[in-house]
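Peer 1: please work out how this folds:
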Amino acid sequence: MNKNILAIAVLAATAVSAQADVVGASAGVYQWKQNWEGDIKSGGDEIDLNDDLGYDDDNGNSFYVALEHPIPVLPNIRLQRTDIEISERSTLERSFTYDGKVYVATEDVDSTTDLGHTDATLYYEILDNWVNLDVGLTIRMFDGEASIKGTSGEGSVDLDAPVPMLYGNARFNLPLTGLYAQAIGNVISVGDNSVTDMTVGLGYEVAIVSLEVGYRSFDVSLEDDDDEANVTVDGIYFGLNIDI
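Peer 2: Numbering: from 1, shown residues only. Model (predicted):
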């Protein structure tokens, strides 16, 4: 009887250990040095973010959590939040119309462009060795706006639509070094509308913690009747990840 109990205990411990090997969670936080370029439009003139509104560089944060499980038919899940927002005060050098408001040269205006979003990604792990490959679908929920406020009034366009995007994440581990290279992409293109979000980075991992540095480029091209936005935000990021 004692031998049977011991055998059952060993089998149970082995099963728990195997389960632990295939169930995992990870999380990370990044700081992103953002360079803004592009233009916006709402029922009037194209407004250059740099020349007209004085946009230059800003900082934003991003963090994520991900859970992987051993059930083959069910996708894994990754949730990520990214802050992309810039505000500036500038003195206009020319007149233009935005959202039905006329802004005149020499007028002081306060402007904000917010492309912040939350991603919910369902994905499958295709490869899991020294090359890791995940593919899936992201639903990106924008919750921002593009606004201009001056003595002429305030014009604002909401940027708060859900956008489905294809997701891919490839990681290449350099054996016995702790070093790795990673590329993550979320993309969609439908007609004149497209969103491309690409990240490439290099990292160094010790135990469950890794430090990462890389480059992220976020490009939005949207057109809805008289409203348009063609914006690129890119720059270097630094990150910290935990993988258990």
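
Peer 1: partners of the lengthiest strand in the chain in the sheet?
Peer 2: Secondary structure of the chain per DSSP state E: the longest strand is strand 24-42. Applying DSSP bridges, strand 24-42 is found paired with strand 47-48 (antiparallel), strand 57-68 (antiparallel), strand 227-243 (antiparallel).

Peer 1: show me what stretch 101-115 is in contact with.
Peer 2: Stretch 101-115 has contacts (CB atoms under 8 Å, 6 or more residues apart in numbering) with 36, 40, 49, 53, 55, 84-97, 142-155, 159, 218, 220, 231, 233. Glycine gets a C-beta too; all of them are placed from N, C-alpha and C.

Peer 1: CA atoms of it as PDB?
Peer 2: The C-alpha coordinates for stretch 101-115 follow below in PDB (Å, rounded to 0.1, in the frame of the first residue of the first chain):
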ATOM      1  CA  LYS A 101     -13.700  76.700 -36.700                       C
ATOM      2  CA  VAL A 102     -11.500  79.300 -38.400                       C
ATOM      3  CA  TYR A 103      -8.100  79.900 -36.800                       C
ATOM      4  CA  VAL A 104      -6.200  83.000 -37.900                       C
ATOM      5  CA  ALA A 105      -2.500  83.800 -38.300                       C
ATOM      6  CA  THR A 106      -0.800  85.100 -35.000                       C
ATOM      7  CA  GLU A 107      -3.500  83.400 -32.900                       C
ATOM      8  CA  ASP A 108      -2.300  81.300 -30.000                       C
ATOM      9  CA  VAL A 109      -3.700  77.800 -29.900                       C
ATOM     10  CA  ASP A 110      -3.500  74.800 -27.600                       C
ATOM     11  CA  SER A 111      -3.700  71.500 -29.400                       C
ATOM     12  CA  THR A 112      -3.800  67.900 -28.300                       C
ATOM     13  CA  THR A 113      -3.500  64.700 -30.400                       C
ATOM     14  CA  ASP A 114      -4.200  61.500 -28.500                       C
ATOM     15  CA  LEU A 115      -3.700  58.100 -30.300                       C
END
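
Peer 1: show me what contacts the nearest residue to Ile236 once chain neighbours are set aside?
Peer 2: Excluding the flanking residues, the one nearest Ile236 by CB to CB, 6 or more residues apart in numbering is Lys33, at 5.1 Å. Residues in contact with Lys33 (CB under 8 Å, 6+ apart) are 57, 59, 235-237.

Peer 1: helix, strand or coil for Pro70?
Peer 2: Recorded secondary structure, Pro70: coil (DSSP: H, G, I helix; E, B strand; the rest coil).

Peer 1: Gly54 contacts Ser87, correct?
Peer 2: No: Gly54 lies out of contact with Ser87 (CB atoms under 8 Å); the separation is 10.4 Å.

Peer 1: compare neighbour counts for these two and give me the winner.
Peer 2: Between Gly54 and Ser87, counted using other CB atoms under 10 Å, Gly54 has the larger neighbour count: 16 against 13.

Peer 1: what's the distance between the more buried one and Ile86?
Peer 2: 10 Å (CB to CB, to the nearest Å).

Peer 1: need the overlap of contacts for these two.
Peer 2: With CB under 8 Å, 6+ apart applied, the contact sets of Gly54 and Ile86 do not overlap.

Peer 1: residue contacts, the closest residue to Pro175 other than its chain neighbours?
Peer 2: Spatially, and ignoring its direct neighbours in sequence, Pro175 is nearest to Trp130 (5.9 Å; CB to CB, 6+ apart). Trp130 makes contact with 172-175 under the criterion CB under 8 Å, 6+ apart.

Peer 1: lovely, talk soon.
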